[in-house]
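Chemist: generate coordinates for the sequence data below:
(2 chains)
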Amino acid sequence: MQLIDGLFVFMLAGFIGFEVIKRVSPLLHTPLMSLTNALDAIAVVGAIALVGEHKSQLSFILGFLAVIAGGFLITDRMLKMFKSSRPTKP
Amino acid sequence: MTDFAGNQTIIEVVYLIASALFILSLKWMSAPKTARHGVWAGEIGMVLAIAGTLLHHGIVDYKWIAIALVIGSGIGVPLGLVHMTAVPQRTALSHAFGAFCVTLVGTAEFYLRTPDVPPFMMSVLCMEVILGSLTFTGSLMAAGKLQEVLPQRPITYKGQNIVNLGLLAVAVVAGVYLVLHPGTKQLFPVMVVIPLFFGVFMIMPIGGADMPTVISLLNSYAGLSAAAMGFVVQSKLLIIAGALDGSSGFILSVIMCKAMNRSFTNVMFGAFGQVQAAGAAGKEEKTVRSATAEEAAGILAAANRVVIVPGYGMAVAQAQHKVRELYDSLTKKGVDVRFAIHPVAGRMPGHMNVLLAEADIPYDRLAEMDDINGDFPQTDVALIIGANDVTNPAARTDQSSPIFGMPILDVDKARTVMVIKRSMSPGFAGIDNPLYYMDKTLMLFGDAKAFVNGIVHELAGNSH
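Modeler: Predicted coordinates:
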């Protein structure tokens, strides 16, 4: 991937995020934060690659800890989103 | 993520679908009706993304990934089941974990790649690590303050802003030096550790009332550091997720700032409420009228329109279920009950909405500030439960007040105002509220949960 491709992706995603999130009702701000927080947990993808590729001892250990942190975050967010999506019930 | 085709194409397609699902999930979040689809879309996207990554050909060691994921989930499950009132600190804590994960990966990537790192790569790597580590400690601090493990009042000292900005400057300079000389390994720890301190110092002067803004801001930082990591590990998926998260946090912080009539800089460097604590000593004695649960119940039962204003006090007292009972019994008597939600009520964006929804209060009874403010003159009773600064009329009238200009709920225009409060002590920001001394205001002293319970009992007694 060229760096410039990355910048294009970032720019477009930023604008989409801005337009989409602008419309979110204040009623759902907390679930929104839970959701974007969970999206953030996607960082675990990078950590998984580090552990799996096992390129060096240090990267392995750091990656291992990162997968734990990410795994924690995902589980936590999934459960939380399940609960905080309750405003959907009229 | 370069090399061989085959698997690689499949992985990229999976990531593409996951990205689309992430965007859809945010789009569906815009209305309560579709929010649940949004959550599902987000979850499916996440599972796809992880599955796609496991297909990656370079991965040779599944055992340790599995072990780490199991440990992580093991910690996540019990912590994920905490009560809804703890949502703000839980959110702050998960920001911390996300940022921790990003920082660790950034550190590992640095030591794998150094010394031949191109300048652009090194600059995003620096950004990732700086943002990641300051968000890590900053979020831990915020969580500590929200959990009341740490003092909630702003901690300030002379020259604080200079120390903070100086620390950040050192980290940035170290980053710039690394970009120019990527071989200087020994400088990297400086760039990781200094922002850790900056994160702590950054949150120290911030008071509880500013937490909604700060949590949103930390959310934004966490997203941006994830996006920076996307550039480092060359993953479009991460860039997209990070950009979405970053813009979401940014928009929320802007909304919160507007709701308090304050600027970003003011929130970050203003140390709200410090000045007032000194000036409050010279205030004269004023009289207040108090009432019992029985009297309050009588007035509420006779009213046609009641607006309930919940605040952080309701969350602390866990009174939302009792409030729901109050709502039920008043509605049964034909009283029109609505809830007025100030954007910064509570400790995070949408905090009150989630609590009231948890107590199964229909969301169409919840009104935003701008929608309900015009209705207060036609309201018989405004019942304030644990809210203070967001109802303070001084924000409209008193130019010397620290909150002057902040949009408030115009409860003082209602015919009768009732305030459930523990005592006359000023609210979080230490600002006196003239609302309490008005002739039409009745102070209901006591614990929010117990007092609402008392009113509910009285109402039930009256109907028999």
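
Chemist: show the pLDDT at A:D76.
Modeler: For A:D76, the model assigns a pLDDT of 62.

Chemist: kindly report the same for the one 4 residues further on.
Modeler: pLDDT for A:K80: 56.

Chemist: repeat that for the one 3 residues further on.
Modeler: Model confidence at A:K83, given as pLDDT, is 51.

Chemist: please apply the same query to B:P377.
Modeler: Confidence at B:P377, expressed as pLDDT, is 90.

Chemist: how about it, nearest residue that isn't a chain neighbour?
Modeler: B:K413 (4.8 Å; CB to CB, 6 or more residues apart in numbering or on different chains). Quick note: C-beta positions are derived from backbone N, CA and C, even for glycine.

Chemist: just B:N453 next, same as before
Modeler: Nearest to B:N453 is B:K322, by CB to CB, 6+ apart, at 5.1 Å.

Chemist: who are the packing partners of the one helix or strand that neighbour maps to?
Modeler: Taking DSSP states H and E as the definition, one finds B:K322 inside helix B:320-332. With contacts defined as 3 or more CB pairs under 8 Å, 6 or more residues apart in numbering or on different chains; DSSP states H and E, helix B:320-332 has these neighbours: strand B:305-310, strand B:336-341, helix B:351-358, helix B:448-463.

Chemist: pretty sure the residue nearest to B:N453 is touching B:V452, no?
Modeler: Yes. Between B:K322 and B:V452 there is a contact at 4.1 Å, judged by CB atoms under 8 Å.

Chemist: on that earlier part again, what mean pLDDT does the helix holding B:K322 have?
Modeler: Average pLDDT, helix B:320-332: 90.

Chemist: of B:K322 and B:V452, which one has the most company?
Modeler: A direct count of neighbours by other CB atoms under 10 Å in any protein chain shown for B:K322 and B:V452 places B:V452 higher, at 29 against 22.

Chemist: let me know whether the more buried one touches B:A359 as I believe.
Modeler: No. The criterion here is CB under 8 Å, and B:V452 misses it with B:A359 at 11.4 Å.

Chemist: what do those two both touch?
Modeler: Taking CB atoms under 8 Å, 6 or more residues apart in numbering or on different chains as the criterion, B:V452 and B:A359 both touch B:V323.

Chemist: quick check: angle from the helix holding B:K322 to strand B:336-341?
Modeler: Using axes from the mean of the first three to the mean of the last three CA atoms, to 10 degrees, one finds that helix B:320-332 and strand B:336-341 are set 150 degrees apart in direction.

Chemist: and helix B:320-332, which residues are buried?
Modeler: For helix B:320-332, the neighbour count (16 or more other CB atoms under 10 Å in any protein chain shown) marks B:320-327, B:329-330 as buried.

Chemist: ok, now stretch B:16-24?
Modeler: B:18-19, B:21-24.

Chemist: next one: stretch B:156-163
Modeler: B:160-161.

Chemist: quickly find the element holding the residue nearest to B:V170 when sequence neighbours are not counted.
Modeler: Nearest in space to B:V170, with sequence neighbours left out and distances taken as CB to CB, 6+ apart, is B:I194 at 5.4 Å. B:I194 is part of helix B:188-203, with elements assigned from DSSP H and E.

Chemist: okay, now the residue nearest to B:V170: neighbour count?
Modeler: Neighbours of B:I194 under the rule other CB under 10 Å: 23.

Chemist: so it touches B:V173, yeah?
Modeler: No. With contacts counted by CB under 8 Å, B:I194 stays clear of B:V173, the gap being 9.8 Å.

Chemist: now for residue 53, how many residues are close by?
Modeler: All of this refers to chain A. 18.

Chemist: the chain in question should be chain B.
Modeler: Counted with other CB under 10 Å, B:T53 comes out at 24.

Chemist: look up the closest residue to it, ignoring the ones flanking it.
Modeler: Nearest to B:T53 is A:V45, by CB to CB, 6+ apart, at 4.6 Å.

Chemist: wasn't that neighbour part of a helix?
Modeler: Yes. Under DSSP: H, G, I helix; E, B strand; the rest coil, A:V45 sits within a helix.

Chemist: in what helix or strand does B:V39 lie?
Modeler: Secondary structure from DSSP H and E places B:V39 in helix B:32-54.

Chemist: which neighbouring elements make contact with that helix?
Modeler: Partner elements for helix B:32-54 (3+ CB pairs under 8 Å, 6+ apart): helix A:29-40, helix A:44-53, helix A:57-84, helix B:7-28.

Chemist: could you list the buried residues of that helix?
Modeler: Buried, per 16+ other CB under 10 Å, within helix B:32-54: B:32, B:34-46, B:48-50, B:52-53.

Chemist: quick one: the helix or strand that comes right after that helix to chain centroid distance?
Modeler: Following helix B:32-54 in sequence order, the next helix or strand is helix B:62-80 (DSSP H and E). Between the centre of helix B:62-80 and the centre of its chain there are 26 Å (CA atoms, centre = their mean, to the nearest Å).
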